[in-house]
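>>> dropping the sequence and predicted coords here.
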Amino acid sequence: MKITFFSAKPYDKESFLHANEAYGFEFEFFETELSAPTVEMVQSSEVVCAFVNDKLNRQVLEALAVKGVKMIALRCAGFNNLDIEAARELGIRVCRVPAYSPEAVAEHALAMVMALNRKTHKAYNRVREQNFSLQGLLGFNLYQKTVGVIGTGNIGKAFCRMMLGMGCNVLAFDLIADKNLEAEGVVFLPLIMLLQQSDIISLHCPLNEQTTHLIDKQTIPFMKRGVMIINTGRGKLIDTKDAIDALKTGHIGYLGIDVYEQEEKLFFKDLSTHIIQDDMIQRLMSFPNVLVTAHQAFFTKEALEQIAAVTLDSIATLNKGEQPATKGALVV
Ligand code: NAI
């Protein structure tokens, strides 16, 4: 069986080729993104393997169905880029990798907290220019600070435990309170109370209708002045324009984002010789208290190995007409 990969980078090829030693599927890799114009590249392939910024809207799914594609394997956890209803109607099975390494993402969120607080990104550049002054690098102790975690699924849980380990008071908001986390000391609160009490807020919920622009000009005023916001979830959880306004007034004191509303045009590409047309990301990157990484939270050796193994296992089991062994892997 042939699997056509979109948005495939050299590291994807390496991990999938290695995992495929146990399966022997035929692979075709394309570095380009999947979108209406690139569907044509799919040739004699029943399976398409896609990533976070590939377009899986109705138009693309219909074109894929015409090409004979029967299965889409998302090599990521989130599936906000998929029209679930259209996939169901077209009889296309969709699987994902629900939890390849929650710790990889949670550790990156923690790295962002630490870097923003202790200004490591600035210290690195400063020392390289033989400027050994500490002026402007003042941080704060994380110990006993209040951290609010929105979404306590696989990643949110791992992040809560890391912050408990740092000696923080951990508050959480989710649709359902997690009894184990509560027993470990995490306090579940309504969203507004979490926003009011947190020194640091980290977003780990999925992007959907309820969570789109969860952080915007309606919710920011509830937060403490100087709050730190970390987003390793999805870009649209934050209204970027409202966040920029709040950074300008100082209401948001620090912002760490691994995801961005309009990342499709930017992330995973080397644009170092291009003129960036997106003024919002340029404004964001001009703030000294904003740290942007390009959707790299998942990017560890362990996570890549797990992504490839779970994806190929789900494809093989679905192909046999069985349910994927990984809980939550089947989307449609
Ligand atoms: P998960 O499905 O295990 O957990 C999501 C949690 O959010 C669940 O507990 C759910 O009840 C909760 N939730 C749903 N709607 C909510 C709402 N309206 N308000 C508050 N909580 C809500 O997902 P997981 O694996 O923890 O991933 C979370 C998100 O992280 C993914 O949806 C994805 O968008 C993002 N992600 C980002 C990566 C990166 O590299 N930056 C990598 C992997 C995931």
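Sure thing, it's come through.

>>> now Ala177, nearest residue through space, not along the chain?
Phe188 (3.9 Å; C-beta to C-beta, 6 or more residues apart in numbering). Glycine gets a C-beta too; all of them are placed from N, C-alpha and C.

>>> please apply the same query to Ala316.
Spatial nearest neighbour of Ala316, chain neighbours left out: Tyr23 (5.9 Å); criterion: C-beta to C-beta, 6+ apart.

>>> the helix or strand that His18 is a member of: what's the following helix or strand?
Counting by DSSP states H and E, the element that carries His18 is helix 10-19. Downstream of helix 10-19, the first helix or strand assigned by DSSP H and E is strand 26-29.

>>> using PDB, write down the CA coordinates of the helix or strand that that following strand is followed by.
Following strand 26-29 in sequence order, the next helix or strand is strand 47-50 (DSSP H and E). The C-alpha coordinates for strand 47-50 follow below in PDB (Å, rounded to 0.1, in the frame of the first residue of the first chain):
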ATOM      1  CA  VAL A  47      -3.400   6.900   2.200                       C
ATOM      2  CA  VAL A  48      -2.300  10.500   2.600                       C
ATOM      3  CA  CYS A  49      -0.200  11.500   5.600                       C
ATOM      4  CA  ALA A  50      -0.700  15.100   6.600                       C
END
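
>>> up against the ligand, what does the stretch 101-250 of the chain have?
102, 105, 150-156, 173-176, 204-207, 210-211, 232-234 (C-beta under 6 Å from any ligand atom).

>>> which residues touch the residue of the stretch 1-150 of the chain at minimum distance from the ligand?
Proximity of the stretch 1-150 of the chain to the ligand (C-beta to the nearest ligand atom) peaks at Gly78, 3.4 Å away. Neighbour list for Gly78: 52, 96, 206-207, 234 [criterion: C-beta atoms under 8 Å, 6 or more residues apart in numbering].

>>> can you tell me how far it is from Lys241?
Counting by C-beta to C-beta, to the nearest Å, the gap between Gly78 and Lys241 amounts to 23 Å.

>>> number of nearby residues for the residue nearest to Ala316?
Tyr23 has 14 neighbours, counted by other C-beta atoms under 10 Å.

>>> and the contacts of stretch 204-216?
Taking C-beta under 8 Å, 6+ apart as the rule, stretch 204-216 contacts 78, 80, 105-106, 109, 149-153, 155-156, 159, 174, 201, 203, 229, 231-234, 236-239, 242-243.
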